[in-house]
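Asks: let's see this in three dimensions:
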Amino acid sequence: MLDMGHHQRKEDLNLGLGWLYYGLVRNLRPQRVVVIGSWRGFTPLVCARAMQDNLEHGELIFIDPSLVDEQWADAQKVAEYFAGYGVDNIRHFRMTTQEFAKSKEYRNLGEIGLLFVDGYHSAEQARFDHEAFEPMLGETGIALLHDSIRPLVSNIYGAERQYMHTVYRYIEELREAGQHQVFDFPFASGVSLVQRLIRKD
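Replies: Reported below is the predicted structural model:
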């Protein structure tokens, strides 16, 4: 999981940006967290562990269609994979966000405290992912968008399906629109914290 762009380091067991994710979940104490995309499960594991460590516990909804490889293809193996790390509060949906947004589970989801967007890294998909779940974020709810600080050529789907990360463009749009607080953590692949501005007028 060290190659997942979260500024981790093995030598001192340093979770890098994972400490931020863990700390936010411990502080927000959400009943529900949504994570979109994860190559090998770093973010779902960190956030789900934080929920287990809270008195409120809660559930993590993990949405990943397993398009990179077969990592998330078999439901039983997915459950065993997370259980191997001592985590049992992750519910995985092998879907794209577009597919999940049409499901009964989406309609019945209720409020979420944290949204983590790390799926297909185009500005268009990041916008869809964020906008699909932002209405469910409570007043203090936070969205984190990964791989968000610069363009990057990705070969994760193979050289023949190479594409450019453009999430940073969506982050720029949000910043310019002025309806959100936007703060970048420019480490490794970067992550941007996005929260609706709370109007006090």
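Asks: please identify the buried residues of stretch 45-63?
Replies: Neighbour-count burial for stretch 45-63, counted by 16 or more other CB atoms under 10 Å, picks out 45-51, 54, 58-63. Every residue, glycine included, has its C-beta placed from N, CA and C.
Asks: then stretch 15-28?
Replies: Those would be 15-18, 20-22, 24-25, 28, for stretch 15-28 by 16+ other CB under 10 Å.
Asks: same question for stretch 69-85.
Replies: Of all the residues in stretch 69-85, those buried under the rule 16+ other CB under 10 Å are 72, 78, 81-82.
Asks: name the residues that touch the lowest-mean-pLDDT helix or strand in the chain?
Replies: Lowest on mean pLDDT, DSSP states H and E among the helices and strands of the chain sits strand 152-154, with a mean of 82. Residues outside strand 152-154 that contact it (CB atoms under 8 Å, 6 or more residues apart in numbering): 121, 162-165, 189.
Asks: given the following helix or strand past it, what are its sheet partners and their directions?
Replies: Per DSSP states H and E, the first helix or strand lying C-terminal to strand 152-154 is strand 163-165. Applying DSSP bridges, strand 163-165 is found paired with strand 152-154 (antiparallel).
Asks: quick one on the thing from earlier: and of the buried residues of stretch 15-28, the nearest to residue 181?
Replies: Closest approach to residue 181 among these (CB to CB): residue 24, at 13.8 Å.
Asks: tell me which residue is most central in the protein.
Replies: Most central residue of the chain, judged by C-alpha distance to the mean C-alpha position with CA atoms, centre = their mean, is residue 116 at 2.3 Å.
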